[in-house]
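> model this:
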Amino acid sequence: MPLNSEQLDCVKEWIEERSPVLSCSGCGGRDWSIQNELAFALLINAEDGQINHRKGYPMVAVTCKNCGYTAFFNAIQMGIMPQAKKQ
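Reported below is the predicted structural model:
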């Protein structure tokens, strides 16, 4: 799902507010690019250890412009995606 300009602004503000000195774990750089589309972190079933392709969390990927290291932030916690309804 592509992020619109309002969502991208929200992500930028959220990161600047909570992680103002975000340093890359790979190279120590501080020049990041917010990816324009959401990623999805799949969950694993506790009972059998299998990947559950129907459950997971939307994630915002932020990539170091120097080395390509990517950090993921929970899009629900950032407030750009709603919490899933319990079934």
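
> what sits against the spatially closest residue to V60 that is not a sequence neighbour?
Spatial nearest neighbour of V60, excluding adjacent residues (Cβ to Cβ, 6 or more residues apart in numbering): F73 at 4.7 Å. In this view, the C-beta of every residue, glycine as well, is placed from N, C-alpha and C. Listed by Cβ atoms under 8 Å, 6 or more residues apart in numbering, the contact partners of F73 are 11, 14-15, 59-60, 62.

> quick one: which of these is most hemmed in?
For these, neighbours were counted using other Cβ atoms under 10 Å, and V60 has the most, 26 neighbours in all.

> for the closest residue to G26 other than its chain neighbours, give its distance to N36.
The shortest distance from G26 to any non-neighbouring residue, by Cβ to Cβ, 6+ apart, is to Y69 (3.6 Å). Separation of Y69 from N36 (Cβ to Cβ, to the nearest Å): 18 Å.

> and those two? Which one has more around it.
Y69 (16 against 13).
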